[in-house]
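Trainee: 3D model of this:
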Amino acid sequence: MKLKTNLTVLALAFVLLVIASCSKMDDYLKYTGGKEMVYTGKVDSVKARSGRERVVITGLLTSDPNITRVKIFYNQRRDSILLDISRSLGVDTLNVPVSLPEGSHNFEIISYDSKGTPSVKVLVTGRSYGATYQESLFNRVIKNAEKQGNDVFINLYSGDVASPFTKFTYTDVNDKEKSVLVTNDSSRVVLKNYKSMSKFRMQTFFLPDTMAIDTFYAAPEMIAVSEDVTSFYIKNSGQPFLRSDNGTGKWGIIKDWLYTPNVLNQNGNTAGGWSTDGTPKGVIHFESKDWGGEGLTNGKIYQTFMLAEGKYEMEYYSDGCGGSINSNFVVARGNVLPDIDKLDDQNEVLGAYRSNENNTAGTHKIEFALNQPVQVAVGWVVSTGSTTWLHFNYIKLRIVAELQ
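Mentor: Next up, the predicted model:
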């Protein structure tokens, strides 16, 4: 009997609890005139895509065919965009650009039916990028860029993870503009049939985040490549050097080079500055008069030409010398090499390698830079003692890539 009483009490308590709960759940009806609350379908799959001084709101209209308007609130609800919607039978898309200053922005999206019934609100945050972000971007860093044969080979350091690609634009041998896109995971690019002594244009592109809809880019750079340009500027550059006279003996006159008269100190002052020495035969050759005679003072062999703006490397090779010498390989402004006692004039001399009998032999290089086209003189200024000789076998001129 006692068990039946307890079960009855428990059943009664459960019924009362259900009644109380239903009463609370229905409390909102007193605010809606006794009618149940109905919502219009919301916009699905809402995203805020990052852009250039804008955020693009995208979404899908799928579930409710009665949606007639969508309103997008932003700027803490002080601004909004109202869209009229004409539903199709299938899925409709939303793609709404919102012009906004650079920064993070919050959005509230509500859809309505023809009676003005709202949906539940959809909240999303997006970011607009502008000048501050743009100015923080830099082009991908180049290890080296060198012309070999007809092509330019560029090796790159690792790219920024936010950069999908870098664009290289150049002029080919037919004066046509070509472009190559290099993805972030590539470390090498080849520019085919590259026009000599030209520069390529480099620009790296960026997507600031995974939701970005606009592409940003670093400021473009014009870059020169490392290239041997000897043949464009220097005549008769050696290995072998050629003679200008019709002689067949050891001594001759150097072809295409300028020289001071005292260089012609062999064979009764009819030849000098060139000889059949060296391998292959044909070198620039300074020597004391008829070998055993007096030495040479301030003798010069050089060329002069207009050189474009850029960074350069001059190289020469000497297979040796004998006796007491003062040898100077010089690049100077103007159309004449300075005298041997004026080589300290930095306003005139762009670069020089000075040597004596102990350090003349071998390969030697000098670098210099021009910020505008300049007429230059390139060659050797030499003084020697008696019974001396001095060979130069070749000369080369290279443009040096000016990298970041």
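
Trainee: residue boundaries of the strands in the stretch 251-400 of the chain?
Mentor: With DSSP state E, counting those that start in this stretch, the ranges of strands along the stretch 251-400 of the chain come out as 251-252, 258-259, 273-275, 283-287, 299-307, 310-318, 321-322, 325-333, 349-356, 362-370, 374-384, 389-392, 394-399.

Trainee: So for residue 189, which of those sits nearest?
Mentor: Smallest distance to residue 189 across these (CB to CB): 18.9 Å, for strand 394-399. For the C-beta atoms, the positions are set from N, CA and C on the backbone; glycine is no exception.

Trainee: Check the offset of that closest one from the chain's centre.
Mentor: Relative to its chain's centre, strand 394-399 lies at 26 Å (CA atoms, centre = their mean, to the nearest Å).

Trainee: what's that strand packed up against?
Mentor: strand 227-228, helix 230-233, strand 310-318 (3 or more CB pairs under 8 Å, 6 or more residues apart in numbering; DSSP states H and E).

Trainee: CSV please, covering these and showing mean pLDDT, mean neighbour count and distance to residue 81.
Mentor: Converted to CSV, these look like this (pLDDT from 0 to 100; neighbours: other CB atoms under 10 Å; distance: least, CB to CB, whole Å):
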stretch, mean pLDDT, mean neighbour count, distance to residue 81
strand 227-228, 96, 18, 56
helix 230-233, 96, 15, 61
strand 310-318, 97, 19, 54
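
Trainee: Can you tell me which of these is nearest to residue 71?
Mentor: Comparing those by CB to CB, strand 310-318 comes nearest, at 60.0 Å.

Trainee: one step back: would you turn the helices and strands packed on strand 394-399 into a markdown table with distance to residue 392?
Mentor: Shown next, in a markdown table, are the helices and strands packed on strand 394-399 (distance: least, CB to CB, whole Å):
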| stretch | distance to residue 392 |
| --- | --- |
| strand 227-228 | 18 |
| helix 230-233 | 14 |
| strand 310-318 | 5 |
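
Trainee: would TSV of the strands of the stretch 251-400 of the chain with distance to residue 225 be doable?
Mentor: Shown next, in TSV, are the strands of the stretch 251-400 of the chain (distance: least, CB to CB, whole Å):
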stretch	distance to residue 225
strand 251-252	37
strand 258-259	30
strand 273-275	34
strand 283-287	29
strand 299-307	17
strand 310-318	11
strand 321-322	35
strand 325-333	21
strand 349-356	21
strand 362-370	16
strand 374-384	21
strand 389-392	28
strand 394-399	7
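
Trainee: closest one to residue 97 among the ones you listed?
Mentor: Short answer: strand 310-318, nearest of the strands of the stretch 251-400 of the chain by CB to CB, at 44.9 Å.

Trainee: Just checking: what are the partner strands of that closest one?
Mentor: strand 362-370 (antiparallel), strand 394-399 (antiparallel) (DSSP bridges).

Trainee: And it, how far out from the chain middle?
Mentor: That offset, for strand 310-318, works out to 25 Å (CA atoms, centre = their mean).

Trainee: do stretch 373-391 as well
Mentor: With CA atoms, centre = their mean, you get 40 Å for stretch 373-391.

Trainee: ok, residue 164 to residue 182 distance?
Mentor: 10 Å (CB to CB, to the nearest Å).

Trainee: Neighbour count: those two, which is higher?
Mentor: More crowded of residue 164 and residue 182, by other CB atoms under 10 Å: residue 182, with 19 against 15.

Trainee: who's in contact with the helix or strand where the more buried one lies?
Mentor: Using DSSP states H and E, residue 182 falls within strand 177-183. In this structure, residues lying in contact with strand 177-183 by CB atoms under 8 Å, 6 or more residues apart in numbering are 156, 164-172, 189, 191-192.

Trainee: Name the member of those residues with the most neighbours.
Mentor: In the contacts of strand 177-183, the most neighbours by other CB under 10 Å go to residue 166, 25 neighbours.

Trainee: circling back to that earlier point, of the strands of the stretch 251-400 of the chain, give the one that comes closest to residue 231.
Mentor: strand 394-399 (9.1 Å).

Trainee: Report the angle between that closest one and strand 325-333.
Mentor: If you take axes from the mean of the first three to the mean of the last three CA atoms, to 10 degrees, strand 394-399 sits at 30 degrees to strand 325-333.

Trainee: So what touches strand 394-399?
Mentor: Contacts for strand 394-399 (CB under 8 Å, 6+ apart): 197, 224-230, 233-234, 237-239, 241, 310-317, 378.

Trainee: that older thread, tell me which residues of the strand holding residue 182 come out buried.
Mentor: 178, 180, 182 (16 or more other CB atoms under 10 Å).

Trainee: Quick check: next helix or strand after it?
Mentor: Next element after strand 177-183 (DSSP H and E): strand 188-191.

Trainee: in its sheet, what does the next helix or strand after that next one sit against?
Mentor: As assigned by DSSP H and E, the chain's next helix or strand after strand 188-191 is strand 199-206. Using DSSP bridges, strand 199-206 pairs in its sheet with strand 165-171 (antiparallel), strand 216-217 (antiparallel), strand 221-224 (antiparallel).

Trainee: can you give me how far the longest one is from the chain middle?
Mentor: When you say that, I think you mean strand 165-171. Worked out by CA atoms, centre = their mean, strand 165-171 lies 9 Å from the chain centre.

Trainee: Check the second one too.
Mentor: Taking the mean of its C-alpha atoms, strand 216-217 sits 13 Å from the chain's own mean (CA atoms, centre = their mean).

Trainee: Also stretch 388-395?
Mentor: That offset, for stretch 388-395, works out to 41 Å (CA atoms, centre = their mean).

Trainee: Just the C-alpha atoms of that stretch, please, in CSV.
Mentor: Extracted in CSV, the C-alpha atoms of stretch 388-395 (Å, rounded to 0.1, in the frame of the first residue of the first chain):
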residue,chain,number,x,y,z
THR,A,388,112.0,44.5,-69.1
TRP,A,389,109.0,42.9,-70.8
LEU,A,390,105.3,42.7,-69.9
HIS,A,391,102.4,40.7,-71.6
PHE,A,392,98.6,41.1,-71.5
ASN,A,393,96.6,38.3,-73.1
TYR,A,394,93.0,39.4,-72.9
ILE,A,395,90.5,41.9,-71.5
